[in-house]
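Novice: Provide a 3D model corresponding to the input given below.
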Amino acid sequence: MKLSITIPAYNEQATLEEIVEEALGVGASMHEDFEVLIVDDGSNDDTGNVADRLSVASPNVRVLHHEQNRGFSGAMRSCVEQAAGEYVFLGPADGQAAFDEIHRFWTIRDQYDLIFSCRAGRDDNARRKASSAVWYGFLRILFGQPIPEFSSTFLFRRAAIPQFPVKIRPDASNFLPVLYLTAIKTGRSVGTLGTVQHQRRGGVAKGGSLANSMRTVIEDIRLWWRLRVRPRR
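Specialist: Numbers count the residues shown, from 1 in each chain. Presented below is the predicted three-dimensional model:
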């Protein structure tokens with residue numbers, strides 16, 4: 001299989017069907033063997049049932065259910081580990097990114113092992129923008145690297161995804177920064193594309209909670225110690 005379009009979803013019953021239909025349309029337009037993989041991250045609304053119904057309706061849709069919510073990093077890890085395609089595209093279930101952006105990634109896939117989207121603009125309130133800017137500034141100081149402010153879509157060559165040198169919490173938000181830093185350190189070719197992050201089409205934002213922010217910052221300090229101060233030889 002050439003392409004896995006993966007969608008992590010936690011309590012996204014309001015938008016999931018629309019997003020999956022969009023992903024199926026884009027997949028068909030690629031003229032490649034593809035699947036749409038939904039990772040239901042322990043949702044406690046009707047997301048899992050919607051996903052199962054979509055998988056019955058289309059042979060291109062596959063569903064993985066987490067029995068319990070694993071969090072942002074845990075869901076994304078399942079997407080890349082359980083995908084069947086040579087290339088893995090990740091997109092959000094809340095409509096903050098258009099899945100037809102995959103065509104932009106696809107045209108440059110031969111140039112890079114991993115392609116990250118970075119925010120060229122975002123339809124968020126001032127508080128969300130400010131907190132994101134502060135966190136990314138904090139990461140750049142901690143790790144001494146110009147880590148971009150990631151957006152919501154990514155294309156990775158599955159065989160080139162590196163093993164992480166440290167464990168990360170599944171319920172924090174460090175999957176993407178650690179993947180980016182590890183890919184650069186291990187000699188992968190890494191590219192970025194600027195994209196606009198839109199307002200979600202429905203449901204409630206989960207990543208900006210105080211608890212998630214605290215878990216992430218505490219883990220950032222642990223990662224700084226393990227990766228920069230006392231790395232394993």
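
Novice: can you tell me which residues contact L24?
Specialist: Shown in contact with L24 (Cβ atoms under 8 Å, 6 or more residues apart in numbering): V36, S58, N60, V61. The way it works is simple: take the backbone N, C-alpha and C, and place the C-beta from them, glycine included.

Novice: helix, strand or coil for it?
Specialist: Secondary structure, DSSP: H, G, I helix; E, B strand; the rest coil: L24 is helix.

Novice: repeat for A211
Specialist: Per three-state DSSP, A211 ends up helix.

Novice: returning to that earlier point: out of the contacts of L24, which is most surrounded?
Specialist: Neighbour counts for the contacts of L24, by other Cβ atoms under 10 Å, peak at V36, which reaches 27 neighbours.

Novice: part of a strand, is that residue?
Specialist: Yes: judged by three-state DSSP, V36 forms part of a strand.

Novice: the bottom helix or strand of the chain by mean pLDDT?
Specialist: Least confident helix or strand of the chain, by mean pLDDT, DSSP states H and E, is strand 114-122 with a mean of 84.

Novice: which neighbouring elements make contact with that strand?
Specialist: In terms of contacts (3 or more Cβ pairs under 8 Å, 6 or more residues apart in numbering; DSSP states H and E), strand 114-122 is packed against strand 150-157, helix 175-185, strand 190-197.

Novice: in a markdown table: these, plus distance to D100.
Specialist: A markdown table is the format used below for the helices and strands packed on strand 114-122 (distance: least, Cβ to Cβ, whole Å):
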| stretch | distance to D100 |
| --- | --- |
| strand 150-157 | 10 |
| helix 175-185 | 22 |
| strand 190-197 | 11 |
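
Novice: in its sheet, which strands sit next to the least confident helix or strand of the chain, and in what direction?
Specialist: Here strand 114-122 is paired, per DSSP bridges, with strand 150-157 (antiparallel), strand 190-197 (parallel).

Novice: so which of those strands gets nearest E17?
Specialist: Among the strands paired with strand 114-122, the nearest to E17 by Cβ to Cβ is strand 150-157 (18.6 Å).
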